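Trainee: Show me how the following folds:
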Amino acid sequence: MKVHIAEACGFCYGVRRAVEMASQAEAGTYTLGPIIHNPQVVERLSRQGVAPVQSLDEVSDGAKILIRSHGVGPAIYEEAVRKGLEVTDATCPHVKKAQQDAGKIVKEGKKLVIIGEKSHPEVISISQWGVNRAIIIDKEFEAEQISFCDSMGVVVQTTFSQEQFKRILAVLQTKTNHLDVHMTICTATRLRQNAAVSLSGRVDAMIVVGGRNSANTGRLAQVCREQGCPTYHVETAAELRPEWFHGMKNIGITAGASTPDWIIQEVVKIMENLQAEGTEVMSEELLEKYDYEENPKKGDVVKGTVISVNDDAAYVSIGTKAEAILPKKEMAVPAPEKAGDFVKVGDELTVEIANNIKEEGAIVVSLVKMKKVEDWKDVRDAFENGGLIECVGKETNKAGLVVSIKSLRGFIPLSQGDVKFVKSLDYLVGQTFKVKVIDIDEHKNRLVLSRKAVLEAEREEQRAAALEQIEEGAVLEGTVVKIMPYGAFIDLGGVEGLLHISDISWKRISSVDAILKVGQKLQVLVQKFDKERDRISLSLKALQKNPWIAAIEKFEIGDVVKGEVKKLLPFGAILSIDPELQGLLHVSELTDKRGAAVKDLVNIGDIMDVKIIGIDTDKKKISLSVLAIQKDEEEKEVRNYLESSNQDEDAATIGDAVEEDK
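Mentor: Below you'll find the predicted structure:
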């Protein structure tokens, strides 16, 4: 068996620079988060007095802080200044460029897309420099879901897979008219991945060395597996199992950017021992070190059979010299009252070794931990595929809500509890609801969830359904959700429309809130629907009869009515003849004297009889006249005179006739 080392592996420039800066730092210096994703390096630095903290809240004012290679957002620098901290910036230059590119894209008004792991600290820092406006994706189907835009800028995680980046980029090119690509995968990453791909095509198996929480190490293992090469990801040489390489002739070794040389050399040394000894005959030291059958270690998953049970525990045969103990607290959550209530003799179980056997002697196994493994898998699948999981609210604190997901505990930050601002999530305690996973770290037992994302998605579905029902001229029921000086926003069942102040009432109103209240339900007419901009204009008054039209129906041309002078004009006077109606009394209809001034003839407040001589319903105008009344009176007098004269003539003629008869 031959051992081959990849041409490019181990520390990259940015990581080596950060580790050197941390190594040279004074004791008492803090790193904001682990300096790199390698537990062994972090532990060594901690022994030197350079320890990690999770936030600046954990350090006192004036302390020394070192920013790790992944970088941080601008808010951290501002907070450090406020606390008077002495800052050493070890941000990788490639990450720094990606941060600057993200800020530039947003400043130019383009849609920012970051290709990388949503929960990776480097990606989070890049997004923060893009004022948290980024769409973060790492899969092709996520790129498919991005809406089309005119201009888009792309930044990529420095350690992202080149091949996956190319596939996602091909999708993004169909989502915009102008694509501005900032190729921020660093050269060292490309060289390391290319070297791993090349080597994995020439060997029987690959060993990838590096921290399990290291994204770039995980991708090295991924690209090796994609070549069809058996691949084993280990953190240290102690994890190597000789049986993996039985009968193999060529073994390749590569390492992630966070893996120091001394860990790589330990792996090489072990493999060289195997090379010298052969996989058939191993040295006593190696046999002792890797005697897994007789000495299973903490975390191993084994099969066993229950051979006896008492009230507190069951004893399980797992093939070792001593039986394993399965305490009732490790059977289920909550634990059964008696172990016999949960298992019986003869049951075949798959359990996990729960303790360090060499230190504690007896072997303790757990079904709960196995259940947690399954539950973590379900949660991880939901996180990777964008699925939803069900949880139950347990208890609240100032920061948010603690929930349970089967055997796991999760946390919903206050900002992720609802679509609207809330001061507490107490109302969710005891409730069962669905959430989306937004951050996951099994090693730290960290599970961050969002109910807000689920509600937003549901609201978007409701919006899409509501939009299908909306058309101009439709009368819909809505609810007032927001009142502004210029109008009110009405929820139409998932989509909002604007009811402008001018469309609320036929009467002039002083303020919107004098007429409408938040939560009020009302019928509205869809006046205009702009589908391209999703803008809906509504009207309330369109469903009401025009009060002017209703009032004018009581009158007709020729009616004589009483009017009150409301306003004087150079050419006439405005009179109110009804609470809803006003008409114009032109000066020519007020007097027949030429050059007469209106103000000399009438005063505001005068009550007078006027005749309606014109009604224009289209222009909502009424013409009034005083002279018409005078003319009518004169004509009446003439008619009365003529009628009286005729009667006199008729009476004389009859009398005369009577006299003659006598």
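Trainee: Looking at stretch 415-424 now, give me its mean pLDDT.
Mentor: Here stretch 415-424 scores 89 as its mean pLDDT.
Trainee: in that stretch, what counts as buried?
Mentor: The neighbour-count check on stretch 415-424 (16 or more other Cβ atoms under 10 Å) flags 416, 417 as buried. C-beta here means a position set from N, CA and C on the backbone, and glycine is covered the same way.
Trainee: okay, now the domains of the protein?
Mentor: Domains of the chain are assigned by automatic domain parsing as 13-89, 93-184, 189-289, 301-366, 375-456, 470-543, 555-630.
Trainee: What is the neighbour count of residue 134?
Mentor: 24 (other Cβ atoms under 10 Å).
Trainee: so it makes contact with residue 125?
Mentor: No. In this structure, residue 134 is not within contact of residue 125 by Cβ atoms under 8 Å, at 11.2 Å.
Trainee: need the helices for the stretch 451-600 of the chain, in chain order.
Mentor: Secondary structure of the stretch 451-600 of the chain by DSSP state H, counting those that start in this stretch: the helices cover 452-469, 547-552, 598-601.
Trainee: For the longest one, buried residues please.
Mentor: Using 16+ other Cβ under 10 Å as the test for burial, helix 452-469 gives 452, 453, 454, 455, 466, 467.
Trainee: Also stretch 533-553?
Mentor: Buried, per 16+ other Cβ under 10 Å, within stretch 533-553: 536, 537, 538, 539, 540, 541, 547, 548, 552.
Trainee: ok, so of those residues, who is nearest residue 400?
Mentor: Comparing the buried residues of stretch 533-553 against residue 400 with Cβ to Cβ places residue 536 closest, at 34.9 Å.
Trainee: list the contacts for that closest one?
Mentor: Residues near residue 536 by Cβ atoms under 8 Å, 6 or more residues apart in numbering: 470, 492, 495, 496, 497, 498, 526, 528, 529, 530.
Trainee: got it, and residue 128?
Mentor: 72, 73, 74, 75.
Trainee: The first one - nearest residue in space that isn't next to it in sequence?
Mentor: Setting aside the residues directly before and after it, residue 72 is nearest to residue 125 in space (Cβ to Cβ, 6 or more residues apart in numbering), at 5.2 Å.
Trainee: Going by neighbour count, which residues of the helix or strand where that neighbour lies are buried?
Mentor: Assessed by DSSP states H and E, residue 125 sits inside helix 121-129. Neighbour counts over helix 121-129 (16+ other Cβ under 10 Å) mark 121, 122, 123, 124, 125, 126, 127, 128, 129 as buried.
Trainee: can you list the buried residues of stretch 533-553 in CSV and add pLDDT and distance to residue 402?
Mentor: Formatted as CSV, the buried residues of stretch 533-553 follow (pLDDT from 0 to 100; distance: Cβ to Cβ, whole Å):
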residue, pLDDT, distance to residue 402
536, 89, 40
537, 91, 45
538, 91, 43
539, 90, 48
540, 87, 46
541, 85, 51
547, 77, 58
548, 81, 62
552, 83, 67
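Trainee: how many other residues sit next to residue 49?
Mentor: 12.
Trainee: typed the wrong thing, it's residue 333
Mentor: Using other Cβ under 10 Å, residue 333 has 14 other residues around it.
Trainee: Next: residue 48.
Mentor: For residue 48, using other Cβ under 10 Å, the count is 13.
Trainee: Could you find the closest non-adjacent residue to it?
Mentor: Residue nearest to residue 48 in three dimensions, not counting chain neighbours: residue 27, with 6.6 Å by Cβ to Cβ, 6+ apart.
Trainee: Please list all residues in contact with residue 253.
Mentor: Neighbouring residues of residue 253 by Cβ under 8 Å, 6+ apart: 3, 4, 5, 6, 9, 206, 207, 209, 264, 267, 268, 271.
Trainee: hmm, back to that, could you look up the next helix or strand downstream of the helix holding residue 125?
Mentor: Note on helix 121-129: by DSSP H and E, the next helix or strand toward the C-terminus is strand 135-137.
Trainee: list the helices and strands that following strand packs on?
Mentor: Contact analysis of strand 135-137 by 3 or more Cβ pairs under 8 Å, 6 or more residues apart in numbering; DSSP states H and E lists strand 111-115 as its packing neighbours.
Trainee: quick one: which of the domains of the chain is nearest residue 638?
Mentor: Between residue 638 and the domains of the chain, the shortest gap by Cβ to Cβ is with domain 555-630, which sits at 12.8 Å.
Trainee: Just list whatever residues bridge to the nearest residue to residue 301 once chain neighbours are set aside.
Mentor: Nearest residue to residue 301, sequence neighbours excluded (Cβ to Cβ, 6+ apart): residue 352, at 5.3 Å. Bridge pairing for residue 352 (DSSP bridges) gives the partners residue 301, residue 366.
Trainee: So for residue 352, what pLDDT did the model give?
Mentor: pLDDT for residue 352: 84.
Trainee: Out of the contacts of residue 536, who's the most crowded?
Mentor: Busiest of those [other Cβ under 10 Å] is residue 497, holding 25 neighbours.
Trainee: so what's that one up against?
Mentor: By Cβ under 8 Å, 6+ apart, the contact set of residue 497 is 478, 489, 490, 524, 526, 536, 537, 538.
Trainee: shaky segments in this protein?
Mentor: Residues of the chain that meet the criterion pLDDT under 70 lie in 274-296, 319-323, 356-362, 646-662.
Trainee: For the residue positioned nearest the centre of the chain, which non-adjacent residue is spatially closest?
Mentor: Nearest to the geometric centre of the chain sits residue 453, at 5.1 Å (Cα atoms, centre = their mean). Nearest-residue entry for residue 453: residue 436, 4.2 Å, with adjacent residues in sequence omitted and distances by Cβ to Cβ, 6+ apart.
Trainee: Kindly confirm my reading that the one you found is in a helix.
Mentor: No. Residue 436 sits outside any helix when classified using DSSP: H, G, I helix; E, B strand; the rest coil, being strand.
Trainee: related to what we said a few turns ago, now, which of the buried residues of helix 121-129 sits nearest residue 154?
Mentor: Using Cβ to Cβ, residue 126 is the member of the buried residues of helix 121-129 that lies nearest residue 154, at 11.5 Å.
Trainee: Just confirm that closest one contacts residue 155, I think it does.
Mentor: Yes. Judged on Cβ under 8 Å, residue 126 makes contact with residue 155 at a distance of 6.0 Å.
Trainee: All set now, cheers.
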